[in-house]
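Colleague: Any chance you can model this:
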Amino acid sequence: MEAKEITIHKKAFLTYQQWSQWKNDNHCQTISPDFDCVIQSGDNPENSTSYLLKSIENQIQGILQLDRSNQDNRCLRLEFELDLEHSYIEMKRVLTRLITQLFEEDIHRIEIETPLLKPIHHQFLTEIGFRHEGIRQQAFYSKGSYEDIHLYGQIKKEPSRQLQDYLDYALPHYHNPESLYSIINHLGFFNPEQLNTSKLYFLATFCGLLEKLQTNSKFIHETLIKLNDLNWSAKEINEALHSLARQLSTPLTEEEKIIHDLYYIEQISASTLMKVISTEGLNSSLIHKIIEGDFQFFTSIGKQMGLERLEYTQKIIAQL
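Modeller: Predicted coordinates for the structure are as follows:
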């Protein structure tokens, strides 16, 4: 059987670039901050992947096997034998990183069937996120007696789809939340069934906070913790931050285009226009952009609303 030989290491946390590089390297892979993986020769059963866990001193500390035979349903079965008594912390890190990676590969459910030979097994599984789901009574024969098989499962956590979760966190960081409320109030014009609403709500509520995220290390740290609490993975957070950075200039996804359009629709509203005139006069750059019609909208709803509002504010300016 082909096995991926894993050597436990102590080293610094990987950057996202290093993680991406690993995914394209089939010969010397680093799949977590805690272990390296080198593919060995041999025959591997279809839909199965094995890992041989070894210490840096070349001592075997455990075996993992992933059964992907039910992957059409995005389910995966994990079997393992681990030296938990001597390498508990290291094994916990290895399994946690591996499970995170599997869920990022679009696996929906991971399950484990195991006889609980020692209490430490239950403690270990619950600490890495598994729930005890049931028992198959006397289904395992070992050393002259039958043992129960315990079923553990872990479901991929989906990022929160509740707008209020994001709004409650972001709102206190706005000095002037009128534009935020305007964007939020217009989200109902778009069909949520066709959108990644978690990403949409993040982009909407953080639309005015990009500069603070880029310049305030405490704020970005707190935001990463908050998104993690809302079940965002590191990959999803990374993609969302890139979306936030480009949505007002070069939006790519549908969610980015929606927030782009709603942001600029608010910029050309009559109330915003009056505020700009009172503070900057008629020579402001926004006034010139409105007169020239220098706005681009990407969604069909955004084009309709934006052009109607642009025409209205142009008439107001013409009368001044």
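Colleague: Tell me which residue lies nearest the centroid of the chain.
Modeller: residue 236 (2.4 Å; CA atoms, centre = their mean).
Colleague: List the contacts of that residue.
Modeller: Contact analysis of residue 236 by CB atoms under 8 Å, 6 or more residues apart in numbering lists 159, 198, 199, 227. In this view, the C-beta of every residue, glycine as well, is placed from N, C-alpha and C.
Colleague: Could you say which helix or strand holds the third one?
Modeller: Residue 199 belongs to helix 197-205 when elements are defined using DSSP states H and E.
Colleague: Moving along the chain from that helix, name the first helix or strand you hit.
Modeller: Past helix 197-205, the next helix or strand by DSSP H and E is helix 210-215.
Colleague: Buried residues, that next one. List them.
Modeller: residue 213 (16 or more other CB atoms under 10 Å).
Colleague: and the next element down the chain from that helix?
Modeller: Per DSSP H and E, the first helix or strand lying C-terminal to helix 210-215 is helix 217-229.
Colleague: Buried residues of the helix or strand hosting the residue nearest to the centre of the chain, list them for me.
Modeller: Per DSSP H and E, residue 236 falls inside helix 234-246. Residues of helix 234-246 classed as buried by neighbour count (16+ other CB under 10 Å): 235, 236, 237, 240, 241, 243, 244.
Colleague: okay, the angle between that helix and helix 217-229?
Modeller: Relative orientation of helix 234-246 versus helix 217-229 (axes from the mean of the first three to the mean of the last three CA atoms, to 10 degrees): 130 degrees.
Colleague: Just the CA trace of helix 234-246, in CSV.
Modeller: The C-alpha coordinates for helix 234-246 follow below in CSV (Å, rounded to 0.1, in the frame of the first residue of the first chain):
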residue,chain,number,x,y,z
ALA,A,234,-8.7,30.6,6.6
LYS,A,235,-9.2,30.1,2.9
GLU,A,236,-12.6,31.8,3.0
ILE,A,237,-11.3,34.7,5.0
ASN,A,238,-8.4,35.2,2.6
GLU,A,239,-10.7,35.3,-0.4
ALA,A,240,-13.1,37.6,1.3
LEU,A,241,-10.4,40.1,2.2
HIS,A,242,-9.2,40.1,-1.5
SER,A,243,-12.8,40.7,-2.6
LEU,A,244,-13.1,43.6,-0.1
ALA,A,245,-10.0,45.2,-1.5
ARG,A,246,-11.1,45.2,-5.1
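Colleague: which residues touch residue 187?
Modeller: Counting by CB under 8 Å, 6+ apart, residue 187 has contacts 163, 200, 204, 258, 262.
Colleague: Go through these and name the one nearest residue 216.
Modeller: Of all these, residue 216 sits closest to residue 204, with 20.1 Å by CB to CB.
Colleague: who touches that closest one in this structure?
Modeller: 163, 166, 180, 183, 184, 187, 259, 262.
Colleague: Now the last one: closest residue in space, sequence neighbours ignored.
Modeller: Yep, that's residue 262 we're talking about. Leaving aside its chain neighbours, residue 262 sits nearest to residue 183 (4.5 Å; criterion: CB to CB, 6 or more residues apart in numbering).
Colleague: quick check: angle from the helix holding residue 236 to helix 197-205?
Modeller: Using the same axes, to 10 degrees: helix 234-246 against helix 197-205 is 40 degrees.
Colleague: What is the helix or strand just after helix 234-246 packed up against?
Modeller: Per DSSP H and E, the first helix or strand lying C-terminal to helix 234-246 is helix 254-267. Here helix 254-267 touches helix 178-186, helix 197-205, helix 234-246, helix 300-318, going by 3 or more CB pairs under 8 Å, 6 or more residues apart in numbering; DSSP states H and E.
Colleague: What is the nearest of the contacts of residue 204 to residue 122?
Modeller: If you rank the contacts of residue 204 by distance to residue 122 using CB to CB, residue 166 comes first, at 35.7 Å.
Colleague: Report the contact partners of residue 299.
Modeller: Neighbours of residue 299 in contact, by CB under 8 Å, 6+ apart: 190, 254, 257, 258, 261.
Colleague: so which of those is the most crowded?
Modeller: Tallying neighbours with other CB atoms under 10 Å puts residue 261 at the head of these, with 27 neighbours.
Colleague: What sits closest to residue 301 if chain neighbours are left out?
Modeller: That would be residue 189: by CB to CB, 6+ apart, it lies 5.2 Å from residue 301.
Colleague: From residue 164, how far off is the one you found?
Modeller: Remark: distance between residue 189 and residue 164 (CB to CB, to the nearest Å) = 19 Å.
Colleague: next one: residue 49
Modeller: Applying CB to CB to residue 49 and residue 164 gives a distance of 41 Å.
Colleague: Repeat that for residue 320.
Modeller: 40 Å.
Colleague: and what of residue 288?
Modeller: Using CB to CB, residue 288 is found at 38 Å from residue 164.
Colleague: cool, and residue 311?
Modeller: Counting by CB to CB, the gap from residue 311 to residue 164 is 35 Å.
Colleague: The helix or strand residue 277 falls within: which residues count as buried?
Modeller: Assigned by DSSP H and E, residue 277 belongs to helix 270-280. Neighbour counts over helix 270-280 (16+ other CB under 10 Å) mark 272, 273, 276, 277 as buried.
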